[in-house]
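Novice: From the sequence below, what's the structure:
(one chain, ligands or ions: 1)
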Amino acid sequence: MDFSIPPAAAALLAELRAFIHQELLPREPALLRAGFLASESELDQLRQRARRAGLWGPQIPKELGGLGLSLLDHALVSEQLGYSPFGHYVVGAQAPDAGNIELLHRYGSDEQRARYLLPLAAGQLRSCFSMTEPEHPGSNPTQLSCAARKGADGYIIDGHKWFTSSAEGAAFAIVMAITDPDAEPHRRASMFLVPTDTPGFVHVRNIPIFGHAGGGYDSHAELRYEACRVPLEARIGPEGAGFQIAQERLGPGRIHHCMRWLGICQRAFDLMCERARTRELEPGVPLASKQTIQTWVAESRARIDAARLLVLHTAWLIDQRGFAAAREQVSLIKFHVAELLGQVLDRAIQTHGALGLTDDTVLAFFYTRERGARIYDGPDEVHKAVVARRIFSAAARATRLEGPVR
Ligand SMILES: Cc1cc2nc3c(=O)[nH]c(=O)nc-3n(C[C@H](O)[C@H](O)[C@H](O)COP(=O)(O)OP(=O)(O)OC[C@H]3O[C@@H](n4cnc5c(N)ncnc54)[C@H](O)[C@@H]3O)c2cc1C
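Specialist: Alright, predicted model coming up:
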């Protein structure tokens, strides 16, 4: 087993690290103070610099102008980028666009690719993904109400969605809507590309989260689709394939998220160590001399490193054998890293005392923005149930073959 990073990936990681530390981190406090919306032009300049440095689109296929990295290599990159809240954005690897690029690359028609995918991959426009509804459990997406009725020249979409991230300012939404309510549950829905200037696309509000409604890329919208007419060609992939496409979109996305969360863990860890080393409780007695802090630091190091290996192994498995072979591992990493993220951030904040609650470090931003990690992409409890079911059925199989465990 070889744990070394291939030289090409190692070189790219070093360049990314330098870019983040030299170009991004010095600007980060001002960008965070201003917010994403007011920072768009400065972020665009940073994107230009990233492009000139050959860092644009690590996960974007080469034919669309990206670096075309394997999932494993992109996982390593995603960890580096997660160090700053702006990391993924400045190289065009941000959710939900990254997943939508993948989806349109795989299932988009020639027209959808030319008109939407190419400019999306080039960072000229943004997109959003509109599936969850306030009236139904997002954890069971077969329970949708949003419907697309087929007519002679297109579909009419009616529905109510929320938590459509980054909808404000997006050029189009990818919408999940029921096309055949009588089909078996996983064949009922289809996906549609809906330009946000389509009559009947209604942006109700940006939903305040922990007191912040955000804006632009950094927002989560409540939307209504009110007799929203789209042509037949707006459908993405075959009718009834919505769930299958959504599942494929989420698979690699979970690797990207987990490694991004590990990048955040590393940032919180570095800040925790720095504060513990430099905060003196009395002259010559730093916080780092206290056993509780030492335990937090040592445990956090072990858990971050262990989680990292778990995620990289899962990425490797998907690269080698496809998503279906890694289903259990994908569920494992999703809840494991999401929980770890909360724990490391909480310990870093506690180590900073009152300072940890302020906006004078990046910790509070991460703490409020990333609490959702345990809820989106499948709540942790659902992933735990998936893992447990697989473990129990594997145990039953083994018992049938080998007899009971003694
Ligand atoms: C920050 C953020 C960004 C998001 N972005 C998007 C987006 O861009 N597009 C989009 O369509 N959606 C988005 N979502 C929505 C997200 O996908 C849903 O919130 C998620 O699927 C959970 O659905 P729900 O909120 O309806 O919770 P529910 O389904 O109502 O579940 C509530 C809770 O019940 C528990 N639970 C649920 N099922 C089980 C079970 N089987 N066993 C045990 N416990 C269970 C869990 O603790 C869960 O948190 C986002 C959410 C957040 C927080």
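
Novice: Name the residue of the stretch 101-250 of the chain that lies nearest to the ligand.
Specialist: Proximity to the ligand, evaluated over the stretch 101-250 of the chain using C-beta to the nearest ligand atom, is greatest for residue 138 at 2.4 Å. Every residue, glycine included, has its C-beta placed from N, CA and C.

Novice: Does that residue touch residue 144 like I think?
Specialist: No. With contacts defined as C-beta atoms under 8 Å, residue 138 does not count as touching residue 144, sitting 9.6 Å away.

Novice: Give me the common contacts of these two.
Specialist: With contacts taken as C-beta atoms under 8 Å, 6 or more residues apart in numbering, the residues that reach both residue 138 and residue 144 are residue 131.

Novice: Comparing those two, which shows the higher neighbour count?
Specialist: residue 144 (23 against 18; other C-beta atoms under 10 Å).

Novice: The more buried one belongs to a helix, doesn't it?
Specialist: No. When classified by DSSP: H, G, I helix; E, B strand; the rest coil, residue 144 is found to be coil rather than part of a helix.

Novice: Backbone dihedrals for it, please?
Specialist: For residue 144, the backbone dihedrals are phi -80, psi 150 (criterion: degrees, to the nearest 10).

Novice: same question, residue 69
Specialist: Main-chain torsions, residue 69, degrees, to the nearest 10: phi -70, psi 150.

Novice: just residue 88 next, same as before
Specialist: Residue 88 has phi and psi values of phi -60, psi -40 when expressed as degrees, to the nearest 10.

Novice: Give the helix, strand or coil label for residue 192.
Specialist: Per three-state DSSP, the local secondary structure of residue 192 is strand.

Novice: Name the residues of the chain found near the ligand, please.
Specialist: With C-beta under 6 Å from any ligand atom as the criterion, the chain meets the ligand at residues 96, 129-132, 137-139, 163-165, 220, 372, 375-376, 379, 381-382, 385.

Novice: circling back to that earlier point, let me see the contact set for the residue of the stretch 101-250 of the chain closest to the ligand.
Specialist: If a contact means C-beta under 8 Å, 6+ apart, then residue 138 has 131, 132, 163 as its contacts.

Novice: One more pass at 10 Å, please.
Specialist: Contact analysis of residue 138 by C-beta atoms under 10 Å, 6 or more residues apart in numbering lists 131, 132, 144, 162, 163, 375, 376, 378, 379, 382.

Novice: Work out for me the element the fifth one sits within.
Specialist: When you say that, I think you mean residue 163. The secondary structure element spanning residue 163 is strand 154-165 (assigned by DSSP states H and E).
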